[in-house]
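K.L.:
Show me how the following folds:
(2 chains)
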Amino acid sequence: MSLEYTSSEMMTVTAARALENGSTCFVGIGLPSEAANLARLTYAPDVVLIYESGTLQTKPNVLPLSIGDGELAETALTTVAVPEMFRYWLQGGKIDVGFLGTAQIDKYCNLNTTLIGDYRSPKVRLPGGGGAPEIATNAGEVFITLKHSSRAFVEKVDFVTTLGFGRDGKGRDNVPNIGKGPTRVITDLCVMKPDPETRELVVVSLHPGVSREQVQEATGWEIRFAEQLEITPEPGENELTILRELKARTDRAHAGQ
Amino acid sequence: MAEFLSLHDAVARFVEDGATVAMEGFTHLIPFAAGHEVIRQQKRDLTLIRMTPDIIYDQLIGAGCAKKVIFSWGGNPGVGSLHRLRDAVEKGWPHKVEILEHSHAAMACAFEAGAAGLPLAVLRGYVGSELPSVNDQIKFIECPFTGERLAAVPSVRPDVSIIHAQRADRQGNVLVEGIVGVQKEAVLAARHSIVTVEEVVDDLDTHPNACVIPGWAISAIAVAEKGALPSYTHGYYGRSNRFYKEWDAIARDRDTFTQWLDNNVHQTGESA
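P.N.:
You can find the predicted model right below:
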C-alpha cells in the first residue's frame, strides 16, 4: 500500500504542504524553490511565489537554476526592479512567508551562510547573506528547509548571517515591526518548531521510519522532542508524480543549455 | 548625450586604474564583454561593486584587476563557490582582495540612494545579523519621527557603472527588458556610465512604462553582440547554464583558470 519514495522527496513534499493556498511566499533558490513550486502545482494553485530577482507572482514550468533565470520573468505577472522588490514588497509587509535554505542553523534557528571558522581567516567561505537577512525579519514568518546533518545543525552557528531568535533566543523580543521569525524547519528526517517560550528548536514530527536516535545523531546539540511526537504523513502518489515530472522537466531543460 | 564608441574606447576612456566600478545585472544582462575588455586593458586596483559578483567578478579578481569587492551574495548561482574570489580572500592569489559585504536589501537601497543623489540609504534591515560587526559601513540610526532603530548604509556612487541592455536607438536611448535588477539605478548613481547593447535600432518600439534610460543620462554606448554571455539577454539568447557549471572546474585551479583567461579573453580582440 505504501509508496516508494526517497528521504529528499519526503522533505520536499512536507515542505510544500507547509505553504497555505493563497499566501504570498518570498522564495529562496534550491530546496525552498522546489517545495514552493510543488505546492503551487498540487494543492496550493493560488500561492503567490516571489523571487528576489524582482519576479512577482511567477509560475515557472521548470525549476530555475539561478534566482534570475529567464523562466521566472517569462512566467511572472510582472517583473519589478530589485530595490522595489526589497523595499515595497518585502519591507512593505506584503510577504506572508519567507522560504529559506541555509548552510548552518543553530538551536535558536539562526542561519549562517557567510563562512565556517573565523571571519578574517575563514576555513570555508560561503556565498554570504543575499536576501536572507531581511527576508527573515520582514516576512510574516519563515520556513526553513535543509538536509539534516551534524555539520549543518550546530549548537551555535559560526556567524549569524540571518536572525532566527538570536544567540539567546530573545533576539526578536521587543523589536518593533519584525516578523514572527522561523515557525518551522523541515528536513529529510523530521519537522521542528521553536519552543514558544525558549525558542529552542523542538522535533514535533518524525518522518516515517526515522528514529529519535537518527535525528539526535544528525544534530549537533541535545535535541528535544515534543511530548506529543507525531509521525509525518507520507507523500501521496499525486505529489510524488508531479514532483518527479517537475524535476525531470527541469533536468531536460537545463541539459539543453 | 551618449557617445557611440567602440567597447575598447569606452573602457579606455572611462575606466581608470583605482576607480570604483559597478558592473550590474542581476543574473540577467551581466556585461561580460565589457568585463573582458577591462581585463584585456589590464585595469588595476579597482573597487568592484556588484550585488552578486558572479563569474564576471570571479574573472576580474583572478585576472588581478580588483583591490576591493563590495557585494551581497558571492556564489556561482545554482552551482557553488566562486573559486577565484575565495582564493583571493583566503590565500591572497593573485593578490589580497579586501571585501565588504552587505545584504541584498541594503545594496539595492544603496544603489537607489545613489541614483537619488542621497549620501545614505535607510532600511529596516540587519536586525540581529552579525554583518554589522564585520562591516563598519553598516550603522544604525534612530527615526526622528517614531524613534525606530533603522539601518543606514552609504549610498553607492561609482566612478563608472557598466551595464548591458537589449538595444539603443540612434539617439542613444536604451531599453532594458526582463529582470532589470539595479541597472537603471547603477547608471544614474554613477559619474560616468557605459551601456553595451545587442543592437542599435531606429525605433525602440517600447511601451509607456518600460525601463528606458535616456541617452542624455548615459556617457557611452558600445555595441557588443552577445555581450552578456554566459549570462543572458531576454528576447535574444538564453543563459548558458552549462558554462556556469563548467566554470566551477575552470576556476578551481589557478593554472586552468590562467589558461582559460589567455585563450578566451587575452587572445581574443574586442571585435572577436
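K.L.:
And for residue A:99, the neighbour number?
P.N.:
Residue A:99: 27 surrounding residues under other CB atoms under 10 Å in any protein chain shown. Placement of C-beta: from N, CA and C, glycine included.
K.L.:
Count the residues that sit near the closest residue to chain B within chain A.
P.N.:
Closest residue of chain A to chain B, CB to the nearest CB: residue A:68 (2.5 Å). The number of residues packed around residue A:68, counting by other CB under 10 Å, is 31.
K.L.:
My guess is it contacts residue B:29. True?
P.N.:
No: under the criterion of CB atoms under 8 Å, residue A:68 makes no contact with residue B:29, lying 9.2 Å away.
K.L.:
Between the two, which contacts overlap?
P.N.:
B:179, B:181 (CB atoms under 8 Å, 6 or more residues apart in numbering or on different chains).
K.L.:
where are the low-confidence patches of the chain?
P.N.:
Picked chain A for this. A:1-2, A:257 (pLDDT under 70).
K.L.:
nope, chain B
P.N.:
By pLDDT under 70, the low-scoring segments of chain B are B:270-272.
K.L.:
now with 80?
P.N.:
B:269-272 (pLDDT under 80).
K.L.:
Now do the domain split for it, please.
P.N.:
Following automatic domain parsing, one gets these domains for chain B: B:3-102+B:156-260, B:104-154.
K.L.:
could you say what helices and strands the longest strand anywhere in chain A packs with?
P.N.:
If you go by DSSP state E, chain A has its longest strand at strand A:224-231. Other elements packing on strand A:224-231 under the criterion 3 or more CB pairs under 8 Å, 6 or more residues apart in numbering or on different chains; DSSP states H and E are strand A:201-206.
K.L.:
contacting residues for the closest residue to chain A within chain B?
P.N.:
Per CB to the nearest CB, residue B:27 is where chain B lies closest to chain A, at 2.5 Å. Counting by CB under 8 Å, 6+ apart, residue B:27 touches A:53, A:66, A:67, A:68, A:69, B:52, B:54, B:77, B:179, B:181, B:231, B:239.
K.L.:
Need the phi and psi values for it.
P.N.:
Phi and psi for residue B:27, reported as degrees, to the nearest 10, are phi 70, psi -40.
K.L.:
Tell me which of the domains of chain B is the most buried.
P.N.:
Most buried of those by mean neighbour count (mean count of other CB atoms under 10 Å in any protein chain shown) is domain B:3-102+B:156-260; its value is a mean of 21.
K.L.:
Was I right to think residue B:250 contacts residue B:256?
P.N.:
Yes: between residue B:250 and residue B:256 there is a contact at 5.5 Å, judged by CB under 8 Å.
K.L.:
Relative to residue B:230, how far out is residue B:237?
P.N.:
Separation of residue B:237 from residue B:230 (CB to CB, to the nearest Å) stands at 10 Å.
K.L.:
If you could redo that for residue A:43, that was the one I meant.
P.N.:
Distance of residue A:43 to residue B:230, given as CB to CB: 37 Å.
K.L.:
re earlier: partners of the longest strand of chain A in the sheet?
P.N.:
If you go by DSSP bridges, strand A:224-231 pairs up with strand A:201-206 (parallel).
K.L.:
Show me how far the partner strand is from its chain's centre.
P.N.:
16 Å (CA atoms, centre = their mean, to the nearest Å).
K.L.:
Show me what it is in contact with.
P.N.:
A:107-109, A:185, A:189-195, A:212, A:215, A:223-226, A:228-232.
K.L.:
again, but for stretch B:198-213
P.N.:
So stretch B:198-213 is in contact with A:81, B:4, B:165-170, B:173-177, B:180, B:183-184, B:187-188, B:195, B:221, B:223-227, B:233, B:236, going by CB under 8 Å, 6+ apart.
K.L.:
Take these and keep only those in strands.
P.N.:
Taking DSSP E, the ones among the contacts of stretch B:198-213 that sit in strands are B:4, B:165, B:166, B:167, B:168, B:169, B:174, B:175, B:176, B:195, B:221, B:223.
K.L.:
filter the residues you listed down to the ones near chain A?
P.N.:
Applying CB under 8 Å from any CB of the partner chain to the ones in strands among the contacts of stretch B:198-213, one finds that nothing falls near chain A.
K.L.:
so which pair among these is furthest apart in space?
P.N.:
Put simply, by CB to CB the two of the ones in strands among the contacts of stretch B:198-213 set farthest apart are B:4 and B:176, 17.8 Å from each other.
K.L.:
Quick one: classify the residue nearest to residue A:169 when sequence neighbours are not counted as helix, strand or coil.
P.N.:
Spatial nearest neighbour of residue A:169, excluding adjacent residues (CB to CB, 6 or more residues apart in numbering or on different chains): residue A:199 at 3.8 Å. Using DSSP: H, G, I helix; E, B strand; the rest coil, the structure places residue A:199 in coil.
K.L.:
Residue A:199 contacts residue A:109, correct?
P.N.:
Yes: under the criterion of CB under 8 Å, residue A:199 makes contact with residue A:109 at 7.1 Å.
K.L.:
Comparing those two, which residue is more hemmed in?
P.N.:
residue A:109 (29 against 22).
K.L.:
Secondary structure element holding the more buried one?
P.N.:
Using DSSP states H and E, residue A:109 sits in no helix or strand.
K.L.:
next one: residue A:243
P.N.:
In the assignment (DSSP H and E), residue A:243 maps to helix A:237-255.
K.L.:
what's that helix packed up against?
P.N.:
helix A:7-17, helix A:31-41.
K.L.:
Tell me where the chain has helices.
P.N.:
Looking at chain A here, since you left the chain open. For chain A, the helices defined by DSSP state H cover A:7-17, A:31-41, A:70-74, A:82-84, A:132-138, A:212-217, A:237-255.
K.L.:
my bad, the chain I had in mind was chain B
P.N.:
Under DSSP H, chain B gives helices at B:7-14, B:32-40, B:54-62, B:83-91, B:104-115, B:183-189, B:241-252, B:254-261.
K.L.:
Please list the outside residues in contact with the first one.
P.N.:
Same thing as helix B:7-14. Helix B:7-14 has contacts (CB under 8 Å, 6+ apart) with B:5, B:33-34, B:37-38, B:41, B:43, B:160, B:192, B:194, B:196, B:219-224, B:270.
K.L.:
Distance to residue A:169 for the helices of chain B - can I get that in TSV?
P.N.:
Below are these laid out as TSV (distance: least, CB to CB, whole Å):
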stretch	distance to residue A:169
helix B:7-14	51
helix B:32-40	45
helix B:54-62	37
helix B:83-91	32
helix B:104-115	24
helix B:183-189	38
helix B:241-252	38
helix B:254-261	45
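K.L.:
Would you tell me which of these gets closest to residue A:150?
P.N.:
For residue A:150, the closest of these is helix B:83-91, at 24.0 Å, according to CB to CB.
K.L.:
State the number of residues packed around residue A:178.
P.N.:
Residue A:178: 17 surrounding residues under other CB under 10 Å.
K.L.:
these two touch, right, it and residue B:127?
P.N.:
Yes: the criterion here is CB under 8 Å, and residue A:178 meets it with residue B:127 at 6.1 Å.
K.L.:
what touches both of these two?
P.N.:
In contact with both residue A:178 and residue B:127: residue A:137, using CB under 8 Å, 6+ apart.
K.L.:
tell me the contacts of the nearest residue to residue A:98 once chain neighbours are set aside?
P.N.:
Nearest residue to residue A:98, sequence neighbours excluded (CB to CB, 6+ apart): residue A:139, at 3.4 Å. Contacts of residue A:139 were listed using CB under 8 Å, 6+ apart, and they are A:26, A:90, A:95, A:96, A:97, A:98, A:179.
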